[in-house]
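Undergrad: Here is a sequence together with a model predicted from it:
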Amino acid sequence: MSKYTKRDFQIGDYWISRRGDSPAYYANIYNEKTKRVRRFSLGTEDISVAKEKLLVIYLRDTKPDHQKPGDLASIPISQVLLEYYEGHGKKARSQISIKASCRYWCDFFGEDSVEEATGAAKLESFIISLTDKGHSTAYVQRIIGVGKASLNRAYKRGIIKSVPYVPTIKVNYGDPKGRPLSTKEVALLLTHASDHMRLFIYIMLGTVCRPEAAYDLTGAQLDFESRLIDLNPHGRIQTKKIRPMVKMPEALALILENAPSDHLVTFRGKKVKCVRTAWRNLRTKCNLDDAVQPYSLRHTMARWMRKNGVSAWETAAQLGHKSREHRTTELYAPFDPDYLSAATEAIDLFFDELLASYSPKLKPHFSVKTSQVTDNKENNGAGDEIRTHDPNLGKVVLYH
């Protein structure tokens, strides 16, 4: 019996297998003309990675040379997914999620054509299989959404002639991430937080932004004169999770005084990309339950604003929830003194109440340092014959 008889995954005349004495996966390609099988190592012992590599090889070798749109029956769904991932997915922030979604599609449909894969019965079976794996409806919808986006992209680029119908899954979103906190719980977090975590918490409370916006925030996004914070960095394209222009509460203005122009939340001189571990350690120190997440700060402030009479529209605008009215009003934020005024007033009120539970008074997070700059030449004092060096000469102000 051949060492390559067992086929662990196959698409067309391409399959992967392993030698009996080796854990590594090999690609096997049958050539119809020569009636021979070409084999070579894929350089991995991971079945998922091996499948991806085989799929890339298959699509590269079988992709038609012509550029005319193909019939749905003649184009493999795997080709559409690969085109989407290579052209868009690997550059996206959600690369890992997109890659996983494409893998689910390819694993289930294999070498099926677009027409076969998007048949009502086949799609229903796919959705059921995802649900049976224990995935939430929101995650299943995300996987289905990647397939729909792949098909739309393929149509726009002339790969397929039309876009087949793919149903939308009704999502049960459940409770928001992280439970709201009391002011005493927020004070407890601040008491035990390290410097960078304390600043992260202040930014979350003062802007009501998402954690990702706090990680990305730089001093260049702060306008102290107009008391505005643009949560969307220059050059970043807005997504469905809008990063709005918000007012700068007085409490946050004090904390961010002397801020540098680069990233604000840093640890050991480097931008903080995620606080998952630091947050877990902080939560343990405070003896708080697992439902206390970074998002808890956002939900705490949203609830606080509504409790203090901030309208639903203004709360949504502060949170960056997508709405036609919010997009229009945001254009005039720098010119309207009443823009988010109620929300900002409520945020400052929260800081006032917080200070009743958190004893250290608010102060600038960024200190102003002075450094001596000495010229090679002598700096003379009263005259050429009197060499008195002035200690105040050459001082420059640097921001830490």
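TA: Perfect, I can see it now.
Undergrad: For the chain, which segments are assigned as strands?
TA: In the chain, the segments counted as strands under DSSP state E are 9-11, 14-18, 25-31, 36-41, 222-223, 228-230, 245-247, 266-267, 270-271, 368-372, 395-399.
Undergrad: Most tightly packed of those strands?
TA: strand 245-247 (a mean of 25; mean count of other CB atoms under 10 Å). Just so you know, the C-beta spots here come from the backbone N, C-alpha and C atoms, and that holds for glycine as well.
Undergrad: elements contacting that one?
TA: Here strand 245-247 is seen to pack against strand 228-230, helix 341-357 when contacts are counted using 3 or more CB pairs under 8 Å, 6 or more residues apart in numbering; DSSP states H and E.
Undergrad: hang on, the earlier thing: out of the strands of the chain, the one nearest Val163 is which?
TA: If you check each of these against Val163 by CB to CB, strand 9-11 wins as the nearest, at 23.3 Å.
Undergrad: Tell me which residues are up against the closest one.
TA: Judged by CB atoms under 8 Å, 6 or more residues apart in numbering, the contacts made with strand 9-11 from elsewhere in the structure are 15-16, 47, 50-51, 54-55, 58, 76, 78, 110-111.
Undergrad: returning to that earlier point: would you mind saying which of the helices and strands packed on strand 245-247 lies nearest Ala187?
TA: Across the helices and strands packed on strand 245-247, Ala187 has its closest neighbour in helix 341-357 (3.7 Å, CB to CB).
Undergrad: how about JSON lines for the strands of the chain, with mean pLDDT and distance to Leu319 added?
TA: As requested, the strands of the chain are exported to JSON lines (pLDDT from 0 to 100; distance: least, CB to CB, whole Å):
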{"stretch": "strand 9-11", "mean pLDDT": "78", "distance to Leu319": "45"}
{"stretch": "strand 14-18", "mean pLDDT": "85", "distance to Leu319": "47"}
{"stretch": "strand 25-31", "mean pLDDT": "85", "distance to Leu319": "47"}
{"stretch": "strand 36-41", "mean pLDDT": "85", "distance to Leu319": "51"}
{"stretch": "strand 222-223", "mean pLDDT": "95", "distance to Leu319": "20"}
{"stretch": "strand 228-230", "mean pLDDT": "94", "distance to Leu319": "14"}
{"stretch": "strand 245-247", "mean pLDDT": "92", "distance to Leu319": "10"}
{"stretch": "strand 266-267", "mean pLDDT": "95", "distance to Leu319": "25"}
{"stretch": "strand 270-271", "mean pLDDT": "94", "distance to Leu319": "24"}
{"stretch": "strand 368-372", "mean pLDDT": "48", "distance to Leu319": "33"}
{"stretch": "strand 395-399", "mean pLDDT": "36", "distance to Leu319": "30"}
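Undergrad: What pLDDT is listed against Lys390?
TA: Careful, residue 390 is Asp; it's not Lys. Per-residue confidence at Asp390 stands at 42 (pLDDT).
Undergrad: sorry, back to before: would you list the strands of the chain in a markdown table and tack on distance to Ser125?
TA: Below are the strands of the chain laid out as a markdown table (distance: least, CB to CB, whole Å):
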| stretch | distance to Ser125 |
| --- | --- |
| strand 9-11 | 19 |
| strand 14-18 | 23 |
| strand 25-31 | 27 |
| strand 36-41 | 32 |
| strand 222-223 | 52 |
| strand 228-230 | 47 |
| strand 245-247 | 46 |
| strand 266-267 | 47 |
| strand 270-271 | 44 |
| strand 368-372 | 65 |
| strand 395-399 | 60 |
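Undergrad: Run through the chain and note the low-pLDDT ranges.
TA: Per-residue confidence of the chain (counting by pLDDT under 70) places the weak regions at 1-5, 59, 62-70, 172-176, 322-336, 359, 369-400.
Undergrad: Would you mind giving the domain segments of it?
TA: Taking automatic domain parsing as the reference, the chain has its domains at 1-47, 63-174, 183-357.
Undergrad: about what we covered before: now the contacts of strand 9-11: which count as buried?
TA: When neighbours are counted using 16 or more other CB atoms under 10 Å, the contacts of strand 9-11 contain these buried positions: 15-16, 50-51, 54-55, 58, 76, 78, 110-111.
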